[in-house]
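Engineer: Need coordinates for the following:
(one chain, ligands or ions: 3)
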Amino acid sequence: MTFLLYLLLGLVASLIGGLYLFGVFRQRRPGEPPLDKGPIPWLGHAIEFHRHPVKFLERMKQKHGEIFTVRLAGMYITVLLDPLSLAAFVHESEEKLSLSKFSVKVAERIFGVKISGHEKHSTLINKHLRGDGLEVLTQTMMSNLQDVMLQNICLSLDRKTWIEDNLSVFSIKMIFKASYLSLFGKVSQKSCGSVEKAKEKDLADSQVLFSEYSKFYHLFPKLAVGLLTPWEKMEVEKLKKSLWNALSVQKLKTRDNISRWVLDVEQDHQEMGMKESMIDRHMLILLWVSQSNAGPSAFWLLFFLMKHPEAMSAVKKEVDDILKESGQKVVHGGPLINVTYDMLTKMPILDSALEETLRLTVTLFLFRSVIQDMAFKMADGCEYQIRNGDSMAAFPYIAIHTDPEIYSDPHSFKYNRFLNPDGSKKTTFFKAGKKVKHHSMPWGAGTTMCPGRFFALNELKLFVFLMLVYFDLELMDPEEEIPDVDTSRLGFGVTHPSRDVRFRYRHRV
Ligand SMILES: *[C@@H]1O[C@H](CO)[C@@H](O)[C@H](O)[C@H]1NC(C)=O
Ligand SMILES: *[C@@H]1O[C@H](CO)[C@@H](O)[C@H](O)[C@H]1NC(C)=O
Ligand SMILES: *[C@@H]1O[C@H](CO)[C@@H](O)[C@H](O)[C@H]1NC(C)=O
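Structural biologist: Numbers count the residues shown, from 1 in each chain. Ligands and ions are numbered 1, 2, ... in the order given. As a prediction, the model looks like this:
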């Protein structure tokens with residue numbers, strides 16, 4: 001998930017440590033990558049980096065090529081931007097390039113927990129977020145998404161009336177509510193008296209939780225770099241407490257239909273002898289990992305589809321065909337439709353549009369601590385010496401996703417970029433005549449590849465599927481520009497737009 005965090009935490013740690021001050025005297029040794037210490041003692045390039053990491057790294061690439069070492073607040077980071085060498089980087093052993101050192105620190109700082117038993121976590125994720133477990137969760141997500149989506153529009157009697165909204169908030173909210181209810185379950189029907197009452201209460205509760213979560217989310221980038229004002233610090237503590245409470249083991253006891261994943265994580269921690277208050281804190285991490293990227297991805301995908309009518313009509317046709325093939329059709333006010341896991345696997349056009357969206361919007365640092373002196377061998381055979389105590393970072397967004405030799409016209413959205421002429425999924429891309437092993441890395445790669453990716457993809461596909469079969473949607477301003485990205489969240493995963501976009505939707509007629 002959030003690799004910039006690891007990086008920033010490193011910065012903070014080095015601020016406190018102060019030991020790196022000695023780095024002032026550092027010189028490039030033979031065999032090392034080009035060294036650029038930046039204009040300011042100790043801080044190096046930190047200010048420019050902080051302002052816009054992507055622009056900064058693009059400038060460095062122009063100047064030094066595809067591997068170089070920069071100084072950021074006392075820390076030396078070797079940045080790797082060669083697409084053909086990324087495979088070697090992500091598959092390097094944990095004894096040389098370590099990730100785990102950082103993830104522990106992050107969890108402690110942000111969520112107030114000590115992570116151990118990391119292995120077990122991944123096992124649980126693999127069990128519940130892929131294969132059969134994934135099928136069950138997708139099914140639950142599907143019906144919850146429909147409940148959440150149809151809630152507003154049911155209130156409007158006239159089907160031809162457009163409803164206006166803000167696309168980013170809309171997408172994030174829909175995904176949040178549906179996945180919260182899918183993972184953390186629902187109020188028990190017995191306690192509410194009837195199915196309808198229970199449903200109403202679930203929607204109301206998830207709205208309250210969403211508003212708390214949004215406030216926490218808003219403060220997150222500053223929390224990560226330790227730049228909160230005293231007032232904001234108090235606010236964050238208050239929000240965390242309220243979220244821990246809402247997701248607590250005690251609260252879960254009163255709920256039905258909790259996902260197996262959440263139940264197993266809870267049980268697992270109990271068996272480890274963890275205090276209940278600590279388990280509550282872990283629950284917020286689960287909510288966090290299930291949310292932080294899905295909502296913004298949903299926003300970008302819908303935005304690009306609305307912005308590119310030819311993409312919209314191609315995806316819409318695919319969605320309609322799949323629904324028809326399954327023998328179903330949308331009846332307004334009628335029963336919900338049943339979009340199965342199987343149907344979602346037969347949608348190459350939507351897959352391609354989604355992959356294209358992620359290519360353009362995921363800015364993820366793959367960050368490692370160097371824990372012994374080592375030689376790093378590039379794909380062209382050049383070898384570079386890397387020092388123990390430094391860090392290494394790869395940045396696929398520049399290295400691969402926007403390399404014009406791999407993707408022509410790399411900054412424009414082409415919904416069919418990942419399709420072969422025969423309509424099948426395209427998986428081979430080349431640079432300088434060589435096949436690029438990882439042609440798209442929105443989820444990281446190797447051992448640290450995001451284990452929740454299958455669920456995330458399904459969730460996004462479901463969301464778009466349902467939006468398109470139920471609604472006509474369009475931008476309020478057909479000439480709407482692509483919003484700038486929020487630079488404070490660059491490197492954290494999916495970028496966020498710096499402003500919202502107006503759109504409108506109504507029942508398909
Ligand atoms: C949409 O965003 C604008 C500006 O950010 C805000 O004033 C407005 O209340 C929002 N509308 C809705 C329906 O959320
Ligand atoms: C929730 O659980 C109850 C009882 O276990 C089951 O009958 C019902 O179908 C479940 N509801 C959903 C939406 O999964
Ligand atoms: C949807 O279809 C799947 C697979 O055929 C089935 O297992 C499931 O029970 C159906 N769900 C609903 C709500 O009809």
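
Engineer: residues touching the residue in the chain that ligand 1 sits nearest to, list them.
Structural biologist: Nearest residue of the chain to ligand 1, counting by C-beta to the nearest ligand atom: N166, 3.7 Å away. Backbone N, C-alpha and C define where each C-beta goes, glycine included. Applying C-beta atoms under 8 Å, 6 or more residues apart in numbering, we find N166 in contact with 500-503.

Engineer: Sitting in strands, which of these do you find?
Structural biologist: Counting by DSSP state E, these place 502-503 in strands.

Engineer: is it true that R489 touches P221?
Structural biologist: Yes: using C-beta atoms under 8 Å, R489 makes contact with P221 at a distance of 5.7 Å.

Engineer: and stretch 136-153, does that touch ligand 1?
Structural biologist: No: Stretch 136-153 lies out of reach of ligand 1 by C-beta under 6 Å from any ligand atom, never closer than 10.3 Å.

Engineer: which residues make contact with that stretch from outside it?
Structural biologist: 128-129, 163, 174, 177-179, 181-183, 199, 202-203, 206, 257, 259-261, 336-341, 344, 455, 458-459, 462-463, 466-467, 470-471, 505-507.

Engineer: mind redoing it with 7 Å?
Structural biologist: 128, 163, 174, 177-179, 181-182, 199, 203, 259, 336, 339, 341, 455, 458-459, 462-463, 466, 470, 507 (C-beta atoms under 7 Å, 6 or more residues apart in numbering).

Engineer: can you give me the mean pLDDT across stretch 63-80?
Structural biologist: The average pLDDT within stretch 63-80 is 93.

Engineer: what's near enough to touch the residue most central in space within the chain?
Structural biologist: For the chain, the residue nearest the mean C-alpha position is N293 (2.7 Å; C-alpha atoms, centre = their mean). Residues near N293 by C-beta under 7 Å, 6+ apart: 456, 493-494.

Engineer: Show the model's pLDDT score for it.
Structural biologist: pLDDT, read off for N293, is 87.

Engineer: Secondary structure element holding the residue of the stretch 401-509 of the chain found nearest ligand 2?
Structural biologist: Of all residues in the stretch 401-509 of the chain, L462 sits closest to ligand 2, at 15.0 Å by C-beta to the nearest ligand atom. In the assignment (DSSP states H and E), L462 maps to helix 453-470.

Engineer: Can I get that helix as PDB, trimmed to CA atoms?
Structural biologist: Output in PDB follows, covering the C-alpha atoms of helix 453-470 (Å, rounded to 0.1, in the frame of the first residue of the first chain):
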ATOM      1  CA  ARG A 453      -5.500  -6.800  -5.400                       C
ATOM      2  CA  PHE A 454      -8.000  -9.400  -6.500                       C
ATOM      3  CA  PHE A 455     -10.700  -8.200  -4.200                       C
ATOM      4  CA  ALA A 456      -9.900  -4.600  -5.100                       C
ATOM      5  CA  LEU A 457     -10.200  -5.300  -8.900                       C
ATOM      6  CA  ASN A 458     -13.500  -7.200  -8.400                       C
ATOM      7  CA  GLU A 459     -14.800  -4.400  -6.200                       C
ATOM      8  CA  LEU A 460     -14.000  -1.800  -8.900                       C
ATOM      9  CA  LYS A 461     -15.400  -3.900 -11.700                       C
ATOM     10  CA  LEU A 462     -18.600  -4.500  -9.800                       C
ATOM     11  CA  PHE A 463     -19.000  -0.800  -9.000                       C
ATOM     12  CA  VAL A 464     -18.700   0.200 -12.700                       C
ATOM     13  CA  PHE A 465     -20.800  -2.700 -13.900                       C
ATOM     14  CA  LEU A 466     -23.700  -1.700 -11.600                       C
ATOM     15  CA  MET A 467     -23.300   2.000 -12.300                       C
ATOM     16  CA  LEU A 468     -23.600   1.400 -16.000                       C
ATOM     17  CA  VAL A 469     -26.500  -1.100 -16.000                       C
ATOM     18  CA  TYR A 470     -28.600   1.000 -13.600                       C
END
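
Engineer: Give the buried residues for it.
Structural biologist: Neighbour counts using 16 or more other C-beta atoms under 10 Å place 454-470 of helix 453-470 among the buried residues.

Engineer: Assumed V79 was part of a strand.
Structural biologist: Yes: counting by DSSP: H, G, I helix; E, B strand; the rest coil, V79 is part of a strand.

Engineer: Run through the residues that contact it.
Structural biologist: Applying C-beta under 7 Å, 6+ apart to V79 gives the contacts 57, 60, 68, 70, 393, 395.

Engineer: Now distance to ligand 1 too, for these, in JSON lines please.
Structural biologist: As requested, the contacts of V79 are exported to JSON lines (distance: C-beta to the nearest ligand atom, whole Å):
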{"residue": "L57", "distance to ligand 1": "31"}
{"residue": "M60", "distance to ligand 1": "35"}
{"residue": "F68", "distance to ligand 1": "40"}
{"residue": "V70", "distance to ligand 1": "36"}
{"residue": "A393", "distance to ligand 1": "34"}
{"residue": "F395", "distance to ligand 1": "31"}
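
Engineer: Just send those back as JSON lines, with secondary structure and neighbour count too.
Structural biologist: Formatted as JSON lines, these follow (DSSP: H, G, I helix; E, B strand; the rest coil; neighbours: other C-beta atoms under 10 Å):
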{"residue": "L57", "secondary structure": "helix", "neighbour count": "24"}
{"residue": "M60", "secondary structure": "helix", "neighbour count": "22"}
{"residue": "F68", "secondary structure": "strand", "neighbour count": "21"}
{"residue": "V70", "secondary structure": "strand", "neighbour count": "25"}
{"residue": "A393", "secondary structure": "strand", "neighbour count": "22"}
{"residue": "F395", "secondary structure": "coil", "neighbour count": "25"}
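
Engineer: Which of those sits closest to ligand 2?
Structural biologist: The closest of these, once distances to ligand 2 are taken by C-beta to the nearest ligand atom, is F395, at 41.4 Å.

Engineer: Confirm for me that that closest one is in contact with F56.
Structural biologist: No: using C-beta atoms under 7 Å, F395 is not in contact with F56, being 10.5 Å away.

Engineer: buried sites along whichever strand or helix holds L183?
Structural biologist: Assignment of secondary structure by DSSP H and E places L183 within helix 167-184. Residues 167-168, 170-184 are the ones in helix 167-184 that count as buried (16+ other C-beta under 10 Å).

Engineer: do the very next helix or strand once past it and ligand 2 meet?
Structural biologist: For helix 167-184, the following helix or strand on the C-terminal side (DSSP H and E) is strand 186-187. No: using C-beta under 6 Å from any ligand atom, strand 186-187 never reaches ligand 2; the gap is at least 7.0 Å.
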